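Participant: structure here, sequence nowhere to be found:
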């Protein structure tokens with residue numbers, strides 16, 4: 001059983017107070033939805049949790065280890081941000097090849113793309129795809145690592161209803177396999193996931 005704890009988390013960005021006295025905890029099999037208006041600190045929270053921002057007050061503990069001091073923590077999570085981090089001038093296949101190198105993992109491109117019914121796009125340049133298709137490809141990074149936590153920043157933006165349901169099922173399957181998920185979202189997911197807080 002894994003556990004992620006956020007204790008009295010306060011974070012400034014410059015002179016602006018972005019997060020104040022945030023407390024929550026999640027265990028294996030749970031998903032937390034973070035709601036909030038633009039600029040409320042949702043993305044900052046995920047970047048803090050991912051150790052991209054290390055200047056804050058309070059503690060973040062994973063299995064009772066402070067994440068700032070745990071050298072193994074980077075291998076415990078997968079972060080997918082709002083930016084797709086794709087190379088527009090390369091084909092979908094060649095983008096996936098880059099991930100193979102980065103993650104040192106061989107994959108079947110057509111099988112991977114089946115996740116979001118996009119096998120027919122494998123030879124297309126990413127720059128020619130819709131925002132929704134790019135989002136789906138970006139989310140395929142979740143398949144490359146056996147992480148214990150997913151941090152997903154506005155993952156449903158640009159997704160149509162079909163692919164939103166596919167992503168929801170992927171998250172639920174990850175929970176079933178004891179994964180922890182934190183999602184930032186402005187859409188109503190209250191009837192989909194039981195844990196939700198507003199910041």
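Facilitator: Alright, I've got the coordinates. This one's a predicted model, so the numbers in the text were calculated from it and none came from an experiment. Residues are numbered from 1 along each chain as shown.
Participant: quick one: least confident helix or strand in the chain?
Facilitator: Among the helices and strands of the chain, helix 109-113 carries the lowest confidence by mean pLDDT, DSSP states H and E, at a mean of 83.
Participant: how far does that one sit from the chain's center?
Facilitator: Counting by CA atoms, centre = their mean, to the nearest Å, helix 109-113 is centred 20 Å from the centre of its parent chain.
Participant: any buried residues in it, and which?
Facilitator: Using 16 or more other CB atoms under 10 Å as the test for burial, helix 109-113 gives 109, 112, 113. C-beta here means a position set from N, CA and C on the backbone, and glycine is covered the same way.
Participant: so which elements touch whatever helix or strand comes next after it?
Facilitator: Downstream of helix 109-113, the first helix or strand assigned by DSSP states H and E is helix 131-139. On a contact count with 3 or more CB pairs under 8 Å, 6 or more residues apart in numbering; DSSP states H and E, helix 131-139 meets helix 161-176.
Participant: what's the average pLDDT for the helix it packs on?
Facilitator: The average of the pLDDT scores along helix 161-176 is 94.
Participant: contacts for it next, please.
Facilitator: With contacts defined as CB atoms under 8 Å, 6 or more residues apart in numbering, helix 161-176 is touched by 29-31, 115-117, 132, 135-136, 139, 142, 150, 152, 155-156, 159, 181, 183, 192-193.
Participant: please enumerate the strands of this protein.
Facilitator: 3-13, 16-27, 31-35, 57-62, 65-66, 77-80, 149-153, 180-184, 195-198 (DSSP state E).
Participant: average pLDDT across the second one?
Facilitator: The average pLDDT for strand 16-27 rounds to 95.
Participant: what angle sits between it and strand 149-153?
Facilitator: Interaxial angle, strand 16-27 versus strand 149-153 (axes from the mean of the first three to the mean of the last three CA atoms, to 10 degrees): 140 degrees.
Participant: packing partners for strand 16-27?
Facilitator: Using 3+ CB pairs under 8 Å, 6+ apart, the elements in contact with strand 16-27 are strand 3-13, helix 42-49, strand 180-184.
Participant: which among those is found nearest to residue 101?
Facilitator: Set against residue 101 and scored by CB to CB, the helices and strands packed on strand 16-27 come closest in helix 42-49, at 24.7 Å.
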